[in-house]
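**Q** Sharing a sequence plus its predicted fold:
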Amino acid sequence: MKRNLLYLISVLFILSMGAGCKKKDMGTPAASTVANFSYVVTNKGYAPCEVEFTNSSLNAAGYLWDFGNGQTSTEVSPKITYATPGLYSVKLTCTGENSVYYNQLVKTLVVNVKDPNAGLTQVFYFTTRGTVGNGHMVILDDSPPLIQDFVPADMTRPYGIAVDTATRKVYITDYLNQAIYRYNSDGTDGQKILDANVPGQEIVGDAEAIFVLGDKIYWGRTGGIYRANLDGTNPEIFIAMNGGPLEPQFPIDMQYDPATNKIYLVNDKTDYLGGFWSVNFDGTGFTQIAIDAPGTSDVDGTAMELDLRNGKAYLVLYGSAGTVAPENGVYMCNLDGTAFTKIGETGTKATWGITLDTKRDKLMWAYKVSNSAADGKIIRANLDGSSPEDWITGVSPHAMQAVWIKL
């Protein structure tokens, strides 16, 4: 009986204590900070490419980005350009709005910038003139140059060359034969795809300059720029330069700039106006570039190359009295004609070829002593012309181009 009484008193005490307590309001807990982001890349992820980051972090008061290439940013959603292939660990660190223990302040993702030259071979292509003309190739590596000849064709004066890396074809213009030839990238299967002696193909004429863009070949000859399909079909005039105050014109060498959608060209001065020119791809804005140096800008150009990475033009000029280039040589200037200076020597005869090795930052050009004898050479130097070396000797070099291509 006494035990039951004590139990009852205990129960009543507990109940009375519970009835006297009030519920405590804990409130809504602070929201945690969560770092998060995504990204998209241009150029299919091949270097150089721009990466645009989208920040989707929650409840952050500030941001610090580390792009894994030595660059940082405090922008919300930055853009960054990766110039070099590689795996880049990108880290976003957020400043939390509070100090709760479950904040996730760091997010890391890896950006894969792909090598556009993976699986490709760097090749130096050039042409020579002799009893017959031919094309040649050299694999560019750190070994001494080993020349591989193209399968012979009936070329005589191959003054222009262009390589289409997409279709793995090499195009060569023959000024004397008035023809354009096409080869495989390894120099096999030479075909004459345009011949001025064939009815309907007369406009190939005295072709010299040539480049490939998309599904067309473009060549320069008397009167302007012409084009055709990659197999030589449907030849037509593209930009006429045979009328008005700018007549006459003969684009000896030319190159397309995709950034500005312009064609740059050098013009023959012996029988034409001469000069370094640019023209919009639609044929408008044909302009002679005023070279910033004493003398007239009516230079006698025989070859040219653009270094679009550094905004430079390399002009191979035949000496012409009263112009900014009174003596033969390789000259360099900005694309607008400023900072004009001579950087290299050429021979007594006109030089028809110059190109860039972008991997090693080297410039190569032809040096000719006679018109067609194998007494010339190809010189290789730094981009400013310093440290020149006789790279290939005992040849009569003409057109040249270095590219990355699948053989």
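**A** Received the coordinates, thanks. Numbers count the residues shown, from 1 in each chain.

**Q** just for this protein, where's the confidence low?
**A** The model of the chain has pLDDT under 70 over residues 1-27, 243-248.

**Q** residue ranges of the helices in it, please?
**A** 2-19 (DSSP state H).

**Q** domains for it, by residue range?
**A** For the chain, automatic domain parsing gives the domain ranges 37-113, 121-405.

**Q** Would you reformat the ones you listed as a markdown table and include distance to A31 and mean neighbour count?
**A** Every residue, glycine included, has its C-beta placed from N, CA and C. Shown next, in a markdown table, are the domains of the chain (distance: least, CB to CB, whole Å; neighbours: other CB atoms under 10 Å):
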| stretch | distance to A31 | mean neighbour count |
| --- | --- | --- |
| domain 37-113 | 5 | 15 |
| domain 121-405 | 47 | 19 |
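
**Q** would you turn those domains into TSV with distance to A30?
**A** Shown next, in TSV, are these (distance: least, CB to CB, whole Å):
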stretch	distance to A30
domain 37-113	5
domain 121-405	50
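
**Q** Tell me which of those domains sits nearest to T28.
**A** Closest approach to T28 among these is made by domain 37-113 (12.1 Å; CB to CB).

**Q** How far does that closest one sit from its chain's centre?
**A** Relative to its chain's centre, domain 37-113 lies at 27 Å (CA atoms, centre = their mean, to the nearest Å).

**Q** Endpoints of that domain, how far apart?
**A** Domain 37-113 has an end-to-end distance of 18 Å (CA to CA, to the nearest Å).

**Q** go on, stretch 126-137?
**A** Separation of the first and last residues of stretch 126-137 by CA to CA is 6 Å.

**Q** List of residues touching that stretch?
**A** If you take CB atoms under 8 Å, 6 or more residues apart in numbering as the criterion, stretch 126-137 is touched by 123-125, 138, 147-150, 152-159, 161, 170, 172, 174, 183, 186-187, 190, 353, 366, 371-374, 378, 395-401.

**Q** List the contacts of stretch 48-56.
**A** Contacts to stretch 48-56, defined as CB under 8 Å, 6+ apart, come from residues 36-43, 63, 65, 76-83, 90, 92, 111, 113.

**Q** again, only using 6 Å
**A** Residues from elsewhere that reach stretch 48-56 (CB atoms under 6 Å, 6 or more residues apart in numbering): 36-43, 76-83, 111.

**Q** got a list of contacts for stretch 73-92?
**A** The contact list for stretch 73-92, computed with CB under 6 Å, 6+ apart, reads 35, 37, 47-55, 64-69, 107-115.

**Q** hey, C-alpha coordinates of that stretch in CSV?
**A** What follows is stretch 73-92, C-alpha atoms only, in CSV (Å, rounded to 0.1, in the frame of the first residue of the first chain):
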residue,chain,number,x,y,z
SER,A,73,39.0,36.2,-60.8
THR,A,74,36.4,37.6,-58.4
GLU,A,75,33.7,37.9,-61.0
VAL,A,76,30.4,36.1,-60.5
SER,A,77,30.5,34.2,-63.8
PRO,A,78,33.8,34.9,-65.7
LYS,A,79,35.1,34.0,-69.1
ILE,A,80,38.7,32.8,-69.6
THR,A,81,40.8,31.9,-72.6
TYR,A,82,43.0,28.8,-72.5
ALA,A,83,45.7,29.0,-75.2
THR,A,84,47.6,25.8,-74.4
PRO,A,85,46.2,22.2,-74.3
GLY,A,86,46.0,20.5,-70.9
LEU,A,87,43.9,19.5,-67.9
TYR,A,88,43.1,22.6,-65.8
SER,A,89,41.7,22.2,-62.3
VAL,A,90,39.3,25.1,-61.8
LYS,A,91,38.4,25.9,-58.2
LEU,A,92,35.6,28.2,-57.0
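
**Q** Of the contacts of stretch 73-92, which belong to strands?
**A** Those of the contacts of stretch 73-92 mapping onto strands are 37, 49-55, 64-66, 107-113, per DSSP state E.

**Q** how far does stretch 306-324 sit from the chain's center?
**A** Put simply, stretch 306-324 sits 19 Å off its chain's centre (CA atoms, centre = their mean).

**Q** got it, and stretch 301-320?
**A** 16 Å.

**Q** Let's see the distance spanning that stretch from one end to the other.
**A** 10 Å.

**Q** Contacts for it next, please.
**A** In this structure, residues lying in contact with stretch 301-320 by CB under 6 Å, 6+ apart are 252-253, 255, 266, 269, 299-300, 325-328, 330-335, 350-356.

**Q** Now for T351: which residues touch it?
**A** T302, A303, V316, A366, K368.

**Q** And the first one, how far from K349?
**A** Spelled out, that is T302. Using CB to CB, to the nearest Å, T302 is found at 10 Å from K349.

**Q** The fourth one too?
**A** Going from A366 to K349 by CB to CB gives 9 Å.

**Q** Then the third one?
**A** Going from V316 to K349 by CB to CB gives 12 Å.

**Q** Over to the last one?
**A** As for K368, its distance to K349 is 4 Å (criterion: CB to CB).

**Q** wait, what's in contact with A179?
**A** K192, D195.

**Q** Could you do K342 as well?
**A** G329, Y331 are the contacts of K342 under CB under 6 Å, 6+ apart.

**Q** For it, list each beta-bridge partner.
**A** Y331 (DSSP bridges).

**Q** now do I392
**A** In this entry, I392 is beta-bridged to I378, by DSSP bridges.

**Q** Surely it and I378 touch.
**A** Yes - I392 is within contact range of I378, at 4.1 Å (criterion: CB atoms under 6 Å).

**Q** Mind naming the longest strand for the protein?
**A** If you go by DSSP E, the chain has its longest strand at strand 86-96.

**Q** That strand to strand 49-55, inter-axis angle?
**A** Between strand 86-96 and strand 49-55, the angle formed by their directions is 20 degrees, by axes from the mean of the first three to the mean of the last three CA atoms, to 10 degrees.
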